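sequence? don't have it. structure:
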């Protein structure tokens, strides 16, 4: 079956680093995406990985290991505004327009 | 550049009625996908349209349908509404379907 797992909630202190893990078992793989969603708002695109390795975008980095079915999102220098749900999504088919999402990880940043 | 626009933002409907939601993608984007978001099930894929053709479909009953127009705007329709259809319906657009997708603010549908 299709399964995308990520922790339900993580708490970290302002200025710290948090790593959100995502494991997936899907029938195919064409890319892994990370989105941020604040309560009551639309998901916003953060990063994607198609090949193994690390992609860095400012304070956010994402890593992928296709052989392990594993990815993580690293958030550095946490700010209060980073408190949000972080969604891991896999494009299992040829089109990235069909994404399978994990349940999301709620990150709570404390002062 | 304007983002993805969804209308209406909020809707209240009665069981048994039908509803039509609209999505205007980012200019130049030809792929439009629809998702349903609920607290219990999370984000679930409904369907994807590209150049007026349905390219992918999720595991939803036939009451859920959609279409895309020549200007890439898309609509989705839900007939014979059930209480369980209460959800946030999100639309996402991308240039080709193989580039990152950008979401609209969603339509919050409440079925009473």
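Received it, and whenever you're ready, just let me know what you need. Keep in mind that what you see is a predicted model, and the values were worked out from it rather than measured. Numbers count the residues shown, from 1 in each chain, chains lettered A, B, ... in the order given.

isn't residue B:87 up against residue B:37?
Yes. Under the contact definition of CB atoms under 8 Å, residue B:87 touches residue B:37, with a separation of 6.0 Å. C-betas here are computed from N, CA, C, even on glycine.

pLDDT value on residue A:1, please?
Reading off the per-residue confidence, residue A:1 sits at a pLDDT of 53.

also residue A:18?
97.

once you drop chain neighbours, what's closest to it?
residue A:12 (4.3 Å; CB to CB, 6 or more residues apart in numbering or on different chains).

next: residue A:21.
In space, residue A:21 is closest to residue A:72, 5.0 Å off (CB to CB, 6+ apart).

how about the residues of chain A that lie near chain B?
Residues of chain A lying close to chain B (CB under 8 Å from any CB of the partner chain) are A:33, A:35, A:41-45, A:48, A:87, A:89, A:93-104.

show me how to select, in PyMOL, the buried members of those.
The following PyMOL line selects those of those that are buried, judged by 16 or more other CB atoms under 10 Å in any protein chain shown:
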select buried, chain A and resi 33+35+42+43+45+48+87+89+93+95+96+97+98+99+100+101+102+103+104
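
among the residues of chain A next to chain B, which are in helices?
Per DSSP state H, helices hold no members of those.

so what pLDDT did the spatially most central residue of chain B get?
In chain B, the centroid-proximal residue (CA atoms, centre = their mean) is residue B:34; its distance is 3.5 Å. Residue B:34 is assigned a predicted lDDT (pLDDT) of 97.

which ones are touching residue B:57?
Residue B:57 makes contacts with B:46, B:47, B:48, as judged by CB atoms under 8 Å, 6 or more residues apart in numbering or on different chains.

helix or strand for the last one, which one?
With elements taken from DSSP states H and E, the one containing residue B:48 is strand B:42-50.

so what's residue A:86 up against?
Going by CB under 8 Å, 6+ apart, the list of residues near residue A:86 reads A:6, A:20, A:34, A:35, A:36, A:37, A:46, A:73, A:104, A:105, A:107.

so the helix or strand of chain B with the lowest mean pLDDT versus strand B:42-50, what angle?
One helix or strand of chain B scores below all others by mean pLDDT, DSSP states H and E: strand B:53-57, with a mean of 92. Put simply, strand B:53-57 runs at 150 degrees to strand B:42-50, going by axes from the mean of the first three to the mean of the last three CA atoms, to 10 degrees.

confirm that residue A:81 sits in a helix.
Yes. Per DSSP: H, G, I helix; E, B strand; the rest coil, residue A:81 lies within a helix segment.

check the gap between it and residue A:97 for me.
29 Å (CB to CB, to the nearest Å).

what does residue B:27 give?
Applying CB to CB, the value for residue B:27 to residue A:97 is 17 Å.

same check on residue A:54?
Distance, residue A:54 to residue A:97, using CB to CB: 26 Å.

and for residue B:51?
Residue B:51 sits 12 Å away from residue A:97, going by CB to CB.

and for residue A:80?
Between residue A:80 and residue A:97 the computed distance is 33 Å (CB to CB).

name the spans of chain B whose pLDDT lies under the cut-off.
By pLDDT under 70, the weakly predicted segments of chain B are B:1, B:97.
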